[in-house]
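Chemist: Coordinates only, no sequence provided:
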């Protein structure tokens with residue numbers, strides 16, 4: 001019954017008054033409640049917001065030398081974290097340790113919530129204590145969560161140190177554990193450090209996976225290190241790591257950006273041969289590439305294939321095609337696509353309007369240019385400097 005009233009089972013709300021009555025009745029009967037009963041009651045108090053009462057109950061239990069477990073403390077820690085009362089949560093952590101109760105995996109998770117608030121020194125001290133003295137090891141998912149959180153805050157060196165400390169403690173980590181650090185380093189331009197993590201992973205008996213290689217390939221491509229990106233692709237094939245859709249899309253995009261459409265289309269075909277389905281980005285990259293090289297026939301073929309696959313073009317896809325057709329003076333095709341955007345509720349961007357306005361102004365169709373200019377203003381799309389230049393003829 002205690003569980004029923006404290007957990008709110010069967011769709012019922014938590015009834016802490018009923019739970020308190022049952023608990024007091026147990027004590028009057030002379031029975032000794034188990035630690036499970038205590039933990040359920042404490043959780044019930046926390047659920048109704050009586051975290052102060054829950055903490056006082058824990059302290060009374062400690063004073064009377066009644067058994068407590070990590071669940072009792074975790075409920076209070078969690079509730080304080082939810083309220084942003086991280087100093088209080090830290091105090092409960094300290095009480096848990098001083099009472100001889102070992103933290104568990106949930107304690108790691110809640111400690112991480114404290115770490116995220118900026119009270120780093122105390123939280124890291126607790127984390128290190130849990131690792132070194134308490135003998136409590138987080139699982140792989142918890143470790144990945146902590147590492148990822150540190151990396152999101154840009155604290156990748158702390159993340160890497162903690163990651164290797166986890167492994168020194170015998171925790172099994174995987175390629176995803178390292179990828180958070182690799183991704184964080186790549187985003188900040190530290191490609192050399194990110195690159196050097198691959199051999200470090202292998203020394204730790206963690207085999208780099210497709211996500212690790214793809215992250216690095218994409219980072220090197222964005223820094224215009226095409227040869228290194230391709231070397232990594234060759235390397236991953238040699239060690240038996242199969243590319244996925246994202247890998248191929250990154251490679252397609254690399255070659256499309258430099259106008260090497262034969263190579264880009266080759267990776268597209270290889271993707272299909274490997275039984276992978278190109279996604280919206282794969283198709284749009286190819287379309288943009290063919291449009292930029294003036295090959296509108298092939299751009300249109302890829303566009304139709306994209307539609308047959310049930311993938312919806314976005315504003316960027318349409319804008320690339322419209323720009324390509326305008327450059328070839330195929331205003332009929334460009335207008336058809338513009339009208340199709342409106343029919344399919346794909347909102348044109350300022351770039352889309354500017355491309356069409358520029359074509360109409362250049363070829364002497366002032367009325368059409370004026371109509372589009374007014375239309376974009378009515379839709380709340382603000383013209384940029386380029387729009388004003390092509391529309392008003394400013395130099």
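Modeler: Yes, it's here. The model shown is predicted, which means the values in this text are computed figures rather than measured ones.
Chemist: Enumerate the positions of the host helix or strand of residue 217 that are buried.
Modeler: Using DSSP states H and E, residue 217 sits within helix 210-222. Within helix 210-222, the residues scored as buried using 16 or more other C-beta atoms under 10 Å are 211, 212, 213, 214, 215, 216, 217, 218, 219, 220, 221, 222. Heads up, the C-betas are built off the backbone N, CA and C, glycines and all.
Chemist: now swap in stretch 179-189 and tell me
Modeler: Within stretch 179-189, the residues that qualify as buried are 179, 180, 181, 182, 183, 184, 185, 186, counting by 16+ other C-beta under 10 Å.
Chemist: what residues does it touch?
Modeler: Applying C-beta atoms under 8 Å, 6 or more residues apart in numbering, the external contacts of stretch 179-189 come out as 144, 147-148, 150-152, 154, 156, 159-160, 163, 191, 193-194, 197, 209, 211-212, 215-216, 218-219, 223.
Chemist: which among these end up buried?
Modeler: Burial by neighbour count, 16+ other C-beta under 10 Å: within these this picks out 144, 147-148, 150-151, 156, 159-160, 163, 191, 193-194, 197, 209, 211-212, 215-216, 218-219.
Chemist: Tell me who's in contact with residue 248.
Modeler: Listed by C-beta under 8 Å, 6+ apart, the contact partners of residue 248 are 267, 268, 270, 271, 274, 276, 278, 282.
Chemist: I'd guessed the first one sits against residue 251; true?
Modeler: Yes. Counting by C-beta atoms under 8 Å, a contact exists between residue 267 and residue 251, whose distance comes to 4.6 Å.
Chemist: Which members of the buried residues of stretch 179-189 occur in strands, if any?
Modeler: The members of the buried residues of stretch 179-189 all map outside strands under DSSP state E.
Chemist: who touches stretch 383-395?
Modeler: 350, 353, 354, 357, 358, 361, 362, 369, 373, 376, 377.
Chemist: Need those in a markdown table (columns: pLDDT, secondary structure and distance to residue 38).
Modeler: Converted to a markdown table, these look like this (pLDDT from 0 to 100; DSSP: H, G, I helix; E, B strand; the rest coil; distance: C-beta to C-beta, whole Å):
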| residue | pLDDT | secondary structure | distance to residue 38 |
| --- | --- | --- | --- |
| 350 | 96 | helix | 63 |
| 353 | 95 | helix | 67 |
| 354 | 96 | helix | 68 |
| 357 | 95 | helix | 73 |
| 358 | 95 | helix | 74 |
| 361 | 93 | helix | 78 |
| 362 | 92 | helix | 80 |
| 369 | 93 | helix | 77 |
| 373 | 94 | helix | 72 |
| 376 | 93 | helix | 66 |
| 377 | 92 | helix | 67 |
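Chemist: Which among those residues count as buried?
Modeler: Buried positions within the contacts of stretch 383-395, assessed by neighbour count (16+ other C-beta under 10 Å), are 353, 354, 357, 358, 361, 369, 373, 376.
Chemist: and the two most separated of those residues?
Modeler: Comparing every pair within those by C-beta to C-beta identifies 361 and 376 as the most remote, at 14.1 Å.
Chemist: still on that earlier bit, which other residues reach the helix holding residue 217?
Modeler: 175-176, 178-179, 182-183, 186-187, 191, 194-195, 198, 201, 226, 228-229, 232-233, 235-236, 241-244, 246-247, 250-251, 253-254.
Chemist: could you flag which of these are buried?
Modeler: The neighbour-count criterion (16+ other C-beta under 10 Å) marks 175-176, 178-179, 182-183, 186, 191, 194-195, 198, 201, 228-229, 232-233, 236, 241, 243-244, 246-247, 250-251, 253-254 among these as buried.
Chemist: low pLDDT regions in the stretch 251-395 of the chain?
Modeler: 394-395 (pLDDT under 70).
Chemist: follow-up on the earlier one: need the max-distance pair from the contacts of residue 248.
Modeler: Maximum distance among the contacts of residue 248 (C-beta to C-beta): 12.8 Å, for 274 and 282.
Chemist: Who has more neighbours out of these two?
Modeler: Taking neighbours as other C-beta atoms under 10 Å, residue 274 and residue 282 compare with residue 282 leading, 26 against 12.
Chemist: my guess is that one meets residue 246, correct?
Modeler: No. When contacts are counted by C-beta under 8 Å, residue 282 is not listed as touching residue 246 (9.2 Å).
Chemist: helices or strands up against the helix or strand containing residue 339?
Modeler: For residue 339, the host element (DSSP H and E) is helix 331-343. When contacts are defined as 3 or more C-beta pairs under 8 Å, 6 or more residues apart in numbering; DSSP states H and E, helix 331-343 packs onto helix 315-327, helix 350-362.
Chemist: Tell me which residues of it come out buried.
Modeler: Neighbour-count burial for helix 331-343, counted by 16+ other C-beta under 10 Å, picks out 331, 333, 334, 335, 337, 338, 341.
Chemist: and it with helix 350-362, angle?
Modeler: For helix 331-343 against helix 350-362, the angle by axes from the mean of the first three to the mean of the last three C-alpha atoms, to 10 degrees is 150 degrees.
Chemist: name the element residue 40 belongs to?
Modeler: Here residue 40 sits within helix 35-47, counting by DSSP H and E.
Chemist: quick check: mean pLDDT across stretch 69-79?
Modeler: Across stretch 69-79, pLDDT averages out at 81.
Chemist: One more: stretch 214-226?
Modeler: For stretch 214-226, mean pLDDT is 90.
Chemist: Please compute how far stretch 52-65 lies from its chain's middle.
Modeler: With C-alpha atoms, centre = their mean, to the nearest Å as the basis, stretch 52-65 stands 40 Å off its chain's centre.
Chemist: Fine by me, thanks again.
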